[in-house]
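Novice: sequence and predicted structure are below.
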Amino acid sequence: MMKVQDMMRGYDYDLPLYDVLNNSSTNENGDPEISTDRRVLAGATIGIGLDVAYFAITEMQEAFTALASETSNGMRRGEGHKDLEEILRDKSPFQMRLWYLLYDTPIEQAITELAWLQSLTYRRGRMCMVMREQKLPVIYATNAQLCESLTAAQIMTNVTAEG
């Protein structure tokens, strides 16, 4: 009889993201079960650290929500605007990826998509608790950690640092 520990050993935390990315199923009307936008957002999150992804998405979702609320109340340049400006100024590669995927999406839809992605990454991260309960190590390697050579970002950072 196979033990849970044996089945869970080497669990890939990106599996839920791959499941969404690769879901090309359609419903009885021929419409996709999961929208192309959501599939792309899930794919964009593969390889991003468990906590980094969740917190970055949460921060963006909160900024978008505040911005939408301020706009509907006739407020300009409130906290949501400032929060989003700060996110864009910080230029976190993952948040910039999300920004470019959502910046021209109607804001209410973008908020919905970010909330969906936040929920997906929360469930992804909760698997750490399952692993700990099974007394298995929580091991996750990000894309950056798996990269075997210099990236364009590293080269540009080195050039900028050298002057």
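Specialist: Nice, thanks for sending it over.
Novice: list the buried ones in the longest helix along the chain?
Specialist: Longest helix of the chain, by residue count under DSSP state H: helix 107-133. Buried residues in helix 107-133, counted by 16 or more other CB atoms under 10 Å: 107, 110-114, 116-118, 120-121, 124-125, 127-128, 131. Every C-beta, even on glycine, is put in place using the N, C-alpha and C of the backbone.
Novice: and which of those is nearest to Thr65?
Specialist: The shortest approach to Thr65 among the buried residues of helix 107-133 belongs to Ile111, at 5.4 Å (CB to CB).
Novice: who are the contact partners of the residue nearest to that closest one when sequence neighbours are not counted?
Specialist: Computed as CB to CB, 6 or more residues apart in numbering, the closest residue to Ile111 that is not its neighbour in sequence is Phe64, at 4.9 Å. Phe64 sits next to 80, 84, 102, 107, 110-111, 114 when contact means CB atoms under 8 Å, 6 or more residues apart in numbering.
Novice: hmm, try it at 7 Å
Specialist: 107, 110-111, 114 (CB atoms under 7 Å, 6 or more residues apart in numbering).
Novice: what do you get for Ile48?
Specialist: 94, 142.
Novice: again, only using 6 Å
Specialist: Contact analysis of Ile48 by CB atoms under 6 Å, 6 or more residues apart in numbering lists Phe94.
Novice: repeat for Tyr18
Specialist: Applying CB under 6 Å, 6+ apart, no residues contact Tyr18.
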